[in-house]
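**Student:** Structure of the sequence below:
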Amino acid sequence: MFSSCADPSTLSGLSWLQCYLTTGKHLDFYWSFVTVLTLLAVTAPVSLGFGFGGAMLARSHHLPLRIIGKGYTAMVRGVPDIVFFLFFVIALDQGIEWMVHQVRCPDWIEPIRNGLEFRVCPQAKVPQNSAPQLWHSVYGFALAVVTFALVFGAFASNVLYGAMQAVPRAQLETAEAYGMTHAQVFRRVLVPQMWVYALPGLSNLWMILIKATPLLFLLGVQDIVYWARELGGAKTSAYAYPHPDWRLYYFLGLLVFYLVMTKLSEVVLTRVQARLSHGQATAAGEAQRKAAV
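**Tutor:** Coordinates of the predicted model:
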């Protein structure tokens, strides 16, 4: 990165370390932290959206919709995450290319699938082989967001369904007695009341999501764990900055990063829980009332 780092053999001490920590690969390592944080920021609301939709379908009075909602939750929760990550991404990627192939190459006569080989016309590749690397990275990141959202959305659906069931029926009946429609009761009474019951489960899901980010390597995304393993390993003479095995120090750095993330999450979630419990007929709400006396 710096002109003084052109010849590593002339460096020593802090100068060597400064140049080593500013190489292109280390910049990719630092950028991977942004990738992980962006994944968390995008996946959390998308997962919550999937979960809310699944919970609403599971509570539907129509049997087909109820089967879809409960089937989604049961199917995803019943499959190991690593199997789902390995299978679903391939299926989704091939499904997208198959649909593009049907539109752009209607005259294609060769078989798309021949044994284990999946082959579409070059125009159907997503993204195109000639596209800049940025678009390949964005596409891979988008697949990761959808996959994470589907998996954690199923768990969120179960949590939200239980929270909706936990809202006292008397409150809903009182709202109906005042002339509210079912949609108004759902929007004005059920949804605002359910969050206090859902937050403990959603908090656990958020913590699990943080710890699940290393699964990004299964989706072809070079995350912080990938770079820590690559950069920390012992280098050979083929590398400009050879060093002993430093993986222990890199992974200790990741340990600190994840501990800080979980601690900040606990602080924020505790304050949100206290805010939602205010005035509620729950154990936390009762504790607040006693403390105010």
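
**Student:** which residues in the protein form helices?
**Tutor:** For the chain, the helices defined by DSSP state H cover 13-20, 24-58, 63-78, 81-104, 133-166, 169-177, 182-185, 191-212, 224-232, 247-277, 283-292.

**Student:** Can you tell me, leaving aside adjacent residues, what's nearest to residue 167?
**Tutor:** Distances taken as CB to CB, 6 or more residues apart in numbering put residue 193 closest to residue 167, at 4.6 Å, once the chain neighbours are dropped. Quick note: C-beta positions are derived from backbone N, CA and C, even for glycine.

**Student:** The one you found against residue 171, yeah?
**Tutor:** Yes - at 6.5 Å, residue 193 counts as touching residue 171 under the criterion of CB atoms under 8 Å.

**Student:** out of those two, which sits in the busier spot?
**Tutor:** Between residue 193 and residue 171, counted using other CB atoms under 10 Å, residue 193 has the larger neighbour count: 19 against 14.

**Student:** mind checking how far that one is from residue 63?
**Tutor:** Separation of residue 193 from residue 63 (CB to CB, to the nearest Å): 27 Å.

**Student:** First-to-last residue distance for stretch 225-244?
**Tutor:** End-to-end span of stretch 225-244 (CA to CA, to the nearest Å): 18 Å.

**Student:** and for it, what are the contacting residues?
**Tutor:** Residues outside stretch 225-244 that contact it (CB atoms under 8 Å, 6 or more residues apart in numbering) are 8, 16, 19-20, 23, 25-26, 28-29, 32, 214, 216-217, 245-251, 253-254.

**Student:** do the same with stretch 140-158
**Tutor:** The list of residues contacting stretch 140-158 from outside it, by CB under 8 Å, 6+ apart, reads 35, 38-39, 42-43, 46-55, 58, 69, 72-73, 75-77, 81, 84-85, 88-89, 92-93, 202, 205, 208-209, 212, 216, 219-221.

**Student:** Just the buried residues of those.
**Tutor:** 35, 39, 42-43, 46-48, 50-55, 58, 69, 72-73, 76, 81, 84-85, 88-89, 93, 202, 205, 209, 212, 216, 219, 221 (16 or more other CB atoms under 10 Å).

**Student:** pretty sure residue 76 is touching residue 84, no?
**Tutor:** Yes - judged on CB under 8 Å, residue 76 makes contact with residue 84 at a distance of 6.8 Å.

**Student:** State the number of residues packed around residue 256.
**Tutor:** 10.

**Student:** Ok, the one 3 residues further on next?
**Tutor:** Using other CB under 10 Å, residue 259 has 10 neighbouring residues.

**Student:** Make 265 the starting number, not 1.
**Tutor:** Got it, the first residue is 265 from now on, which makes the last one we talked about residue 523.

**Student:** can you pull the contacts of it?
**Tutor:** By CB under 8 Å, 6+ apart, residue 523 lies in contact with nothing.

**Student:** returning to that earlier point: of all the helices of the chain, which lies closest to residue 268?
**Tutor:** The closest of the helices of the chain to residue 268 is helix 277-284. By CB to CB, the value is 7.2 Å.

**Student:** So for that closest one, what gets flagged as buried?
**Tutor:** Buried residues in helix 277-284, defined by neighbour count with 16+ other CB under 10 Å: 280, 283-284.

**Student:** Then stretch 389-397?
**Tutor:** Per 16+ other CB under 10 Å, stretch 389-397 contains no buried residues.

**Student:** contacting residues for residue 388?
**Tutor:** With CB under 8 Å, 6+ apart, residue 388 has these contacts: 361-362, 364-365, 368-369.
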